[in-house]
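> here is my input, please return the structure:
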Amino acid sequence: MTLALVTVALLLSFSAADEPGPVTADDGAFNVEIQHTDLGQVSGSTDESGDAGPIRDSGLDAICVATAMTLGEDIYSFCDIPPDEVVALTPDMVAVAFARIAPPPPTLQIQPPNGRTLVNLDTNFYAETGELDRVLTLLGQRVELHIVAATFTWRFGDGDSLTTDQPGSPYPNLEVTHRYLAKGHVTPSVDTTYTAQFRVSGGPWRAVPGSVTVTGAPVGLEVLTATPTLVGYDRR
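Here you go, the predicted structure:
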C-alpha cells in the first residue's frame with residue numbers, strides 16, 4: 001500500500017484511527033454522514049445468509065476498497081488485491097454505494113396554490129415522495145437497498161426553518177404550516193434526509209450506516225397583504 005493511497009483514504013474520512021463519532025463527506029449534491037466503525041475488526045466468512053467475511057489481514061484493505069468505490073476504480077487493481085482473493089462486503093462499503101445513488105428530490109407543494117399566499121395566513125406545505133428500492137451488484141454480490149425518507153427540513157425563505165419526520169399533507173390536514181409576517185417574495189424549499197436498509201444475496205436486512213440528504217429546489221412564493229374594502233350594493 002503506497003503512502004499516496006493511504007493519504008487519499010484519510011482525506012475521504014475512512015481512517016480507522018479517527019476519533020469515534022460521525023464524519024461527513026460531500027458527494028455532489030448529497031451530504032453523507034457515516035458513523036465511525038473499526039474497519040480492522042471485520043471477521044467471519046461470506047455464506048448464503050449474506051454475512052460479511054474476512055477482508056484479508058487488515059482494516060486498511062477495507063479503507064482502500066471503500067476509497068476505490070468512492071472514486072469509481074476497480075478495487076482489485078487499485079488496492080493491489082489478487083483476483084482470486086475474496087473481499088467481504090461491509091456495511092460501510094454499502095454506505096459508500098448508497099451515497100452514490102441519487103434519490104429523487106421531493107416535489108414541494110404549497111397551499112394556497114399558484115405561487116401566492118397572504119400575510120398571517122397558515123400557509124400549508126407538503127412534500128411528495130415515497131420509498132425507494134434499488135438492486136446493486138457490489139463485489140460480485142447482489143445487494144438490495146430499501147430507501148426511505150426519514151426527515152424533512154423545511155426552509156420557509158424568511159429565515160425560519162422546521163424539521164419533521166413526516167412529509168406533511170394536503171388541505172385540510174394542515175401538518176406543516178408557516179405564517180409569514182411581512183409581504184414580499186420568498187423562496188421556500190425542503191431538504192430530505194434518506195436512510196436505508198440492505199441485504200446481501202437474500203440474507204437478513206441490516207441498517208446502512210449514515211444517511212443521504214438531498215437538497216430540494218426552491219419554489220417562488222409571493223406573500224401579499226389583503227386590504228378589506230367595503231362594497232356598496234343596491235337593495236332593490
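> end-to-end on stretch 181-189?
Terminal residues of stretch 181-189 are spaced 18 Å apart (CA to CA, to the nearest Å).
> repeat for stretch 178-194
End-to-end distance (CA to CA), stretch 178-194: 24 Å.
> what sits up against stretch 162-179?
Here stretch 162-179 makes contact (CB atoms under 8 Å, 6 or more residues apart in numbering) with 106, 109, 111, 120-129, 149-154, 156, 160, 188. Yep, even glycine has a C-beta here, placed from its N, CA and C like the rest.
> just the ones in strands from those, please.
Judged by DSSP state E, strands contain the following of those: 109, 111, 122-128, 149-154.
> what's the most distant pair in those?
Asp122 and Ala150 (25.6 Å; CB to CB).
> the residue nearest to Thr123 when sequence neighbours are not counted sits in which helix or strand?
Nearest non-adjacent residue to Thr123, counting by CB to CB, 6 or more residues apart in numbering: Thr117, 4.5 Å away. In this structure, Thr117 sits in strand 116-118 according to DSSP states H and E.
> list the helices and strands that strand packs on?
Applying 3 or more CB pairs under 8 Å, 6 or more residues apart in numbering; DSSP states H and E, one finds that strand 116-118 contacts strand 221-224.
> just the CA atoms of the strand it packs on, as CSV, please.
C-alpha atoms of strand 221-224 as CSV (Å, rounded to 0.1, in the frame of the first residue of the first chain):
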residue,chain,number,x,y,z
LEU,A,221,-43.8,32.4,-3.4
GLU,A,222,-45.3,35.9,-3.3
VAL,A,223,-46.6,37.0,0.2
LEU,A,224,-49.3,39.5,-0.2
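> next, the buried residues of it.
Buried positions in strand 221-224, judged by neighbour count with 16 or more other CB atoms under 10 Å: 221, 223.
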